[in-house]
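# fold the following and give me the result.
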Amino acid sequence: MILSKRLQTIADMVTKGHCICDIGCDHAHIAIYLVGQGIAPRAVAMDIHTGPLERARGHIVAHGLADKIETRLSDGFVSLRAGEAETVIIAGMGGRLMQAILTDGAAKIAGIKELILGPQSEIPAFRRFLRMNGFHTEHEDLILEGDIFYPIIKAAPSRLKSEELNTIDINETEATTIADCYGHIPLKQRNPALLKYLRREQKVTLEIINQINNSSYLSKKNEEKLDEMRKKAAELTDLIGLWKTENGGL
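Numbering: from 1, shown residues only. Presented below is the predicted three-dimensional model:
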């Protein structure tokens, strides 16, 4: 089983020896790879749709792993039994849906050691959800596959009691906003894919600024948008400067 760059990044974050559960398994490629390579002893591949699950079963049988990978029709965590998995993978879906899955599965997440998460939309809001609900981001990578950027997050579920969650710093600051937008670990590690993303965002932002400036009619709404884009452009310039400072003028 040869994985795409995105799926390989997800697989590489799984702790060796952990039994895994892949929620929204699609073709079960990750489960097949992890079990086939001896990284995971067993796996549960789950999906809410029967079509992908049938295709997953076919692939599992074709790789001779039907005795080690079980497929299961499930809405999120519903069909996962206690103690079956130490690592849960949720990827290939929107951040809002992933947030709902994590919220609904809170009771079962308490027994999980790690979550490997790959949101494909609403990413700043999803990072904020993790932060506000006590999840600890242990690692985050950003993958450029084709022309699409994919964040991959390894998080540990909160071990805090409900009353202790109230002690988490929930103040919204410039630093937390930037971290939610771009990921504090990719920023800290000067992730090269993140630099490409920031430069793309900078180009788009400057194009919008030029379009508004060249408009023959400047409304109050456009003025507000122009101010917003100028602030974003300044922020992106500062962030890109982190790479330039560290790499001597990159």
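# mind checking how far the residue sitting furthest away from the middle of the chain is from residue 126?
Residue farthest from the centre of the chain, counting by Cα atoms, centre = their mean, is residue 216 at 41.3 Å. Distance of residue 216 to residue 126, computed by Cβ to Cβ, to the nearest Å: 39 Å. All C-beta atoms are positioned from the backbone trio N, CA, C, and that covers glycine.
# in which helix or strand would I find the residue farthest from the centre of the chain?
Using DSSP states H and E, residue 216 sits within no helix or strand.
# so for the lengthiest helix in the chain, what's the average pLDDT?
What stands out as the longest helix in the chain, according to DSSP state H, is helix 220-246. Across helix 220-246, the average pLDDT comes to 91.
# how about stretch 111-119?
Stretch 111-119 shows an average pLDDT of 96 in the prediction.
# how far away from the center of its chain is that stretch?
10 Å (Cα atoms, centre = their mean, to the nearest Å).
# before we move on, what about stretch 104-111?
18 Å.
# need the residues that contact that stretch.
For stretch 104-111, contacts defined as Cβ atoms under 8 Å, 6 or more residues apart in numbering pick out 76, 77, 78, 80, 82, 83, 88, 102, 115, 157.
# can you rerun that using 6 Å?
With Cβ atoms under 6 Å, 6 or more residues apart in numbering as the test, stretch 104-111 has contacts from 76, 77, 80, 82, 157.
# same question, stretch 232-241
198, 201, 202, 205.
# what mean pLDDT does the helix or strand hosting residue 98 get?
Element membership for residue 98, per DSSP H and E: helix 95-104. The average pLDDT within helix 95-104 is 96.
# do stretch 6-24 as well
98.
# heads up, I number from 136, so please use that
Noted, 136 is the first residue going forward, which turns the last one into stretch 141-159.
# buried ones in it?
For stretch 141-159, burial by neighbour count (16 or more other Cβ atoms under 10 Å) applies to 141-142, 144-146, 148-149, 153-159.
# mind putting the residues you listed into a markdown table with secondary structure and distance to residue 310?
Output for the buried residues of stretch 141-159, formatted as a markdown table (DSSP: H, G, I helix; E, B strand; the rest coil; distance: Cβ to Cβ, whole Å):
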| residue | secondary structure | distance to residue 310 |
| --- | --- | --- |
| 141 | helix | 28 |
| 142 | helix | 32 |
| 144 | helix | 26 |
| 145 | helix | 28 |
| 146 | helix | 32 |
| 148 | coil | 25 |
| 149 | coil | 30 |
| 153 | coil | 33 |
| 154 | coil | 37 |
| 155 | strand | 34 |
| 156 | strand | 34 |
| 157 | strand | 34 |
| 158 | strand | 31 |
| 159 | coil | 32 |
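# export these to JSON lines and tack on distance to residue 275?
As requested, the buried residues of stretch 141-159 are arranged in JSON lines below (distance: Cβ to Cβ, whole Å):
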{"residue": "141", "distance to residue 275": "14"}
{"residue": "142", "distance to residue 275": "16"}
{"residue": "144", "distance to residue 275": "10"}
{"residue": "145", "distance to residue 275": "12"}
{"residue": "146", "distance to residue 275": "16"}
{"residue": "148", "distance to residue 275": "10"}
{"residue": "149", "distance to residue 275": "15"}
{"residue": "153", "distance to residue 275": "19"}
{"residue": "154", "distance to residue 275": "23"}
{"residue": "155", "distance to residue 275": "19"}
{"residue": "156", "distance to residue 275": "21"}
{"residue": "157", "distance to residue 275": "19"}
{"residue": "158", "distance to residue 275": "19"}
{"residue": "159", "distance to residue 275": "20"}
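# now, the most widely separated pair of these?
Distance extremes for these: the farthest pair is 141 and 154 at 22.5 Å, using Cβ to Cβ.
# do you know how far residue 155 is from residue 274?
From residue 155 over to residue 274 the distance is 17 Å, taken as Cβ to Cβ.
# how about the secondary structure of the most centrally placed residue in the chain?
Per Cα atoms, centre = their mean, the C-alpha nearest to the average position across the chain is that of residue 253, at 3.2 Å. Secondary structure state of residue 253, per DSSP: H, G, I helix; E, B strand; the rest coil, is strand.
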